[in-house]
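J.: Need coordinates for the below:
(chains A and B, ligands or ions: 2)
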Amino acid sequence: MSRIIVITSGKGGVGKTSVTANLGMALARLGRKVALVDADFGLRNLDLILGLENRVVYTAIEVIAGECRLEQALVKDKRQAGLVLLPAAQNRNKDAVTPTQMKDLISNLAKNYDYVLVDSPAGIETGFRNAIAAATEALIITTPEVAAVRDADRVVGLLEAHEIKTIRLIINRLRPEMIRQNEMLSMEDILDLLVIPLIGIIPDDERIIVSSNRGEPLVLDSKPSLPGMAFENIAKRLEGKEEVPFLDLMAHNDNLINRIRRLFKG
Amino acid sequence: MSLKEKHSESSSNNKGDQPTVATGAEAGVSRAGNQVNEYSQVSLKSEGEKVLLILPTSGKTEQQTDWSVLWQDLKYRLQGSEHAWQAGTAVHLLAKDRLLDGRQLQTIAETLKEVKLQLKWVCTSRRQTAVAAATAGYSVQQEKMLPAINLEVEQSQQQQLAEPLYLQTTVRSGSEVRHPGTIIIQGDCNPGGIIIAAGDILVWGSLRGIAHAGAMGNREAKIMALRMEPTQLRIADLIARAPESPPSQLMPEVAYITPEGIRIAQTINFAKNNSFLKKFGPW
Ligand SMILES: Nc1ncnc2c1ncn2[C@@H]1O[C@H](COP(=O)(O)OP(=O)(O)OP(=O)(O)O)[C@@H](O)[C@H]1O
Ligand SMILES: [Mg+2]
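T.: Ligands and ions are numbered 1, 2, ... in the order given. Alright, predicted model coming up:
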């Protein structure tokens, strides 16, 4: 059974696209067939972060309009077998697509893949509704900021109303030193409010920005990095390995081994 | 825990066991009374062997409660009260003057089926709805715009409370629970979430959003929470907002009206406190 997972947040700029790209890569590296769908019509940039921009010919809109076949629109990743991207339209009217059309399109796509990850636009309007239309699971991205958590809470409510029951949380851009100084919401604060299970924590790390600019998702890097490992761990937990321990981002020592200690007991 | 007052003129800061909150009446608050009154949310009521599903009257609230809002409300109510009925219980839909087509009736039936309730009867004052319901195979009762329903509303204006609403849910940011009676939430009310009740409000969890008890004017209404850290508390026409810095210790607390405004007491002290209060008589 293929899994259709929407990656969403409510608030903009919290890392949905970065997570979609890296998580997709990580899942493909585990040998899974993965399709990434850019549902951020009008502001597409998943292709850019994946370094696939110059290979985009058709987009989801042409498929929906019947101007090309679905397979024609899929962009295969040259580095990672098993990973494809369904790009979003850049210029067409984003309101031209309905949730039903998106649902049909993504359900069709899902037949040939283990995972379909849908990168949702910010907000809770039409684009969001299109992005969640086919999803059976959701990953909520938030940062340790009051506004991001508030929006995440709103989105969780909307997903629940849409009967998406499997909803898990990723906390992005965590800065241990700020939490230590009580300047940022702690993970406990966030979990206490949202009451949904945590599936990953990603540190704030400029390598994510650098790799995005290069179009080379961080998990492809041969040098292991803390954020890269965070993405890989999320992929493993999605695969059902719930026991993968959380990275201990609060550890003082920079030594990687030291950091791979259990953060949460039980 | 002490809440800061909204209007600075009548400030009073009372540290100690039962900190007080001074409040001011706000024009905006009394308007909420009409909101609960209008039954603008879906309500579910057990009556003997059956469950009544009562839709809000359309009329003036038409654009406020369009079909999708109505349906979301219904799902929310059902999700929150999952174990309240036995499987297979028959449902009587009181659609009042609301227009429902065949597909909408089917959607309602399917939504009910998910929680093992069975739509059997449709009661409506609209001919089209009656035809759609009959076509779909439901027992139909068509009546003129029932004076009985108006009576019901009038009664509730005279502070006849509906039976309590018990929901097992998290009232998340952006959602609003309204009920012309007492509301009991097993779960949290998050910041950005709103609970409005004509009666009392009891949150068996953290109250961090806005709670408005006695929204139809009952100044004796109370708000109770295991953890009282609200954005705002309203009782009848009084309003109090949270202090800038949260209290260090959180205990089950009760908010109620005193001659000095909304006051919050620890639940364990409330009983004696409350009997003492009776001396003040009506205010
Ligand atoms: N963990 C991180 N550490 C540092 N920078 C990050 C991290 N995660 C994301 N960023 C940066 O934040 C910016 C926004 O990220 P991204 O585009 O993934 O967010 P988004 O949620 O998809 O935004 P939008 O809502 O606009 O679609 C990018 O510049 C990205 O490189
Ligand atoms: Mg994005």
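J.: gap between residue B:171 and chain A?
T.: 8 Å (CB to the nearest CB, to the nearest Å). The way it works is simple: take the backbone N, C-alpha and C, and place the C-beta from them, glycine included.
J.: Would you check that that residue makes contact with residue B:184?
T.: No. Look at residue B:171 against residue B:184 with CB atoms under 8 Å: they stay out of range, at 11.9 Å.
J.: okay, these two: which has more neighbours?
T.: residue B:171 (30 against 19; other CB atoms under 10 Å in any protein chain shown).
J.: In contact with that one: list those residues for me.
T.: Residue B:171 makes contacts with B:177, B:185, B:187, B:188, B:189, B:190, B:193, B:194, B:195, B:209, as judged by CB atoms under 8 Å, 6 or more residues apart in numbering or on different chains.
J.: Centroid-wise, who is the farthest residue in chain B?
T.: No residue in chain B sits farther from the centre than residue B:135, which is 34.4 Å out by CA atoms, centre = their mean.
J.: which regions of the stretch 1-150 of chain A sit below the pLDDT cut-off?
T.: The stretch 1-150 of chain A contains residues with pLDDT under 70 at A:91-95.
J.: related to what we said a few turns ago, among the contacts of residue B:171, who's most crowded?
T.: Within these, neighbour counts (other CB under 10 Å) peak at residue B:189, which reaches 29 neighbours.
J.: pLDDT wise, what is that one at?
T.: Note on residue B:189: pLDDT of 97.
J.: mind listing the strands in the stretch 1-150 of chain B by residue range?
T.: Remark: strands assigned in the stretch 1-150 of chain B by DSSP state E, counting those that start in this stretch are B:4-5, B:24-25, B:43-47, B:50-54, B:89-96, B:117-124, B:139-142.
J.: Mind putting those strands into JSON lines with mean pLDDT, mean neighbour count and distance to ligand 2?
T.: Formatted as JSON lines, the strands of the stretch 1-150 of chain B follow (pLDDT from 0 to 100; neighbours: other CB atoms under 10 Å in any protein chain shown; distance: least, CB to the ion, whole Å):
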{"stretch": "strand B:4-5", "mean pLDDT": "38", "mean neighbour count": "18", "distance to ligand 2": "40"}
{"stretch": "strand B:24-25", "mean pLDDT": "36", "mean neighbour count": "15", "distance to ligand 2": "45"}
{"stretch": "strand B:43-47", "mean pLDDT": "81", "mean neighbour count": "15", "distance to ligand 2": "40"}
{"stretch": "strand B:50-54", "mean pLDDT": "89", "mean neighbour count": "20", "distance to ligand 2": "41"}
{"stretch": "strand B:89-96", "mean pLDDT": "90", "mean neighbour count": "20", "distance to ligand 2": "43"}
{"stretch": "strand B:117-124", "mean pLDDT": "90", "mean neighbour count": "21", "distance to ligand 2": "41"}
{"stretch": "strand B:139-142", "mean pLDDT": "83", "mean neighbour count": "15", "distance to ligand 2": "50"}
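J.: Columns distance to ligand 1 on top of the ones you listed, output as JSON lines?
T.: Putting these into JSON lines (distance: least, CB to the nearest ligand atom, whole Å) gives the following:
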{"stretch": "strand B:4-5", "distance to ligand 1": "35"}
{"stretch": "strand B:24-25", "distance to ligand 1": "41"}
{"stretch": "strand B:43-47", "distance to ligand 1": "38"}
{"stretch": "strand B:50-54", "distance to ligand 1": "39"}
{"stretch": "strand B:89-96", "distance to ligand 1": "41"}
{"stretch": "strand B:117-124", "distance to ligand 1": "40"}
{"stretch": "strand B:139-142", "distance to ligand 1": "49"}
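J.: Indicate which one of the ones you listed is closest to residue B:264.
T.: Judged by CB to CB, the one of those that comes nearest to residue B:264 is strand B:4-5, at 11.9 Å.
J.: count of neighbours near residue A:66?
T.: Residue A:66 has 7 neighbours, counted by other CB under 10 Å.
J.: separation between it and residue A:105?
T.: From residue A:66 over to residue A:105 the distance is 11 Å, taken as CB to CB, to the nearest Å.
J.: Residue A:198 too?
T.: 31 Å.
J.: More neighbours: the two, which one.
T.: residue A:105 (22 against 17).
J.: Output stretch B:66-84 in CSV with nothing but the alpha carbons.
T.: Extracted in CSV, the C-alpha atoms of stretch B:66-84 (Å, rounded to 0.1, in the frame of the first residue of the first chain):
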residue,chain,number,x,y,z
ASP,B,66,-23.3,27.5,5.1
TRP,B,67,-23.2,23.8,4.3
SER,B,68,-19.5,23.1,4.7
VAL,B,69,-19.4,24.9,8.1
LEU,B,70,-22.5,22.9,9.2
TRP,B,71,-20.9,19.6,8.1
GLN,B,72,-17.6,20.4,9.9
ASP,B,73,-19.6,21.2,13.0
LEU,B,74,-21.4,17.9,12.8
LYS,B,75,-18.1,16.0,12.4
TYR,B,76,-16.6,17.9,15.3
ARG,B,77,-19.5,17.1,17.5
LEU,B,78,-19.5,13.5,16.6
GLN,B,79,-15.8,13.0,17.0
GLY,B,80,-15.9,14.6,20.4
SER,B,81,-18.7,12.4,21.7
GLU,B,82,-17.8,9.1,20.2
HIS,B,83,-18.8,6.8,23.0
ALA,B,84,-22.0,8.6,24.0
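J.: List of residues touching that stretch?
T.: Counting by CB under 8 Å, 6+ apart, A:160-161, A:163, B:41-44, B:46, B:53, B:55-56, B:65, B:104, B:107-108, B:111-112, B:114-115, B:117, B:166-169, B:175 sit against stretch B:66-84.
J.: Give me every residue in the stretch 51-200 of chain A lying close to chain B.
T.: A:150-151, A:153-154, A:156-158, A:160-161, A:163, A:192-193, A:195 (CB under 8 Å from any CB of the partner chain).
J.: Would you check which pair of those residues lies furthest apart?
T.: A:163 and A:192 (24.8 Å).
J.: List the beta-bridge partners for residue A:34.
T.: With DSSP bridges as the criterion, residue A:34 is bridged to residue A:83, residue A:115.
J.: check contacts around it.
T.: Contacts of residue A:34 (CB under 8 Å, 6+ apart): A:24, A:27, A:28, A:82, A:83, A:84, A:113, A:114, A:115, A:116, A:117.
J.: now with 7 Å?
T.: Counting by CB atoms under 7 Å, 6 or more residues apart in numbering or on different chains, residue A:34 makes contact with A:24, A:27, A:28, A:82, A:83, A:113, A:114, A:115, A:117.
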